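S.K.: From the sequence below, what's the structure:
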Amino acid sequence: MADFNLSITAMIMPDSPDVDIGVMKKAIEAAIPSNMKLHKIEEIPIAFGLVSLKVMLLGKDQAGGTDELENNFSSIENVTQVEVTDVRRLVG
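M.R.: Numbers count the residues shown, from 1 in each chain. I've put the predicted structure just below:
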């Protein structure tokens with residue numbers, strides 16, 4: 001893990017409560033850029049059965065920031081919104 005110096009959190013919103021969250025999690029795992037590593041995915045209940053996914057990753061500080069991540073996640077089927085909510089530099 002010494003290669004990773006960023007903690008990145010992204011919120012991913014499916015387009016409907018009928019989306020299979022398990023399938024979406026697998027698609028998210030497959031869409032992670034090579035300069036990042038999945039730490040954890042949490043399900044966040046929104047309303048009326050809709051569940052958002054909070055994706056926490058470890059990444060490397062480099063040009064382009066989170067653009068590739070956002071583009072990859074946005075191209076996943078049934079994803080309506082991708083928002084990087086937090087980027088922090090890891091210390092230690």
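S.K.: ok, now which ones touch the residue most central in space within the chain?
M.R.: The central residue of the chain, meaning the one whose C-alpha is nearest the mean C-alpha position (CA atoms, centre = their mean), is residue 55 at 3.8 Å. Taking CB atoms under 8 Å, 6 or more residues apart in numbering as the contact definition, residue 55 lies against 9, 10, 11, 12, 28, 38, 40, 41, 73. C-beta: built from backbone N, CA, C; applies to glycine.
S.K.: With residue 89 instead?
M.R.: So residue 89 contacts 5, 6, 7, 61 (CB under 8 Å, 6+ apart).
S.K.: Over to the last one. Which of the three states is it?
M.R.: Spelled out, it's residue 61. Going by DSSP: H, G, I helix; E, B strand; the rest coil, the secondary structure assigned to residue 61 is coil.
S.K.: Can you name the helix or strand that residue 25 falls in?
M.R.: Of the helices and strands defined by DSSP states H and E, residue 25 is found in helix 21-30.
S.K.: Follow the chain on from whatever helix or strand residue 53 lives in and name the next helix or strand.
M.R.: Here residue 53 is covered by strand 50-59, with elements defined by DSSP H and E. Under the assignment DSSP H and E, the closest C-terminal helix or strand after strand 50-59 is helix 67-74.
S.K.: what angle separates that next one from strand 50-59?
M.R.: 150 degrees (axes from the mean of the first three to the mean of the last three CA atoms, to 10 degrees).
S.K.: Next, the angle from helix 67-74 to helix 21-30.
M.R.: The directions of helix 67-74 and helix 21-30 differ by 150 degrees, with the same axes, to 10 degrees as the criterion.
S.K.: Describe which strands the following helix or strand past helix 67-74 pairs with in its sheet and in which direction.
M.R.: Elements were assigned by DSSP H and E; along the chain past helix 67-74, the next helix or strand is strand 79-89. Taking DSSP bridges as the criterion, strand 79-89 forms sheet pairs with strand 6-14 (antiparallel).
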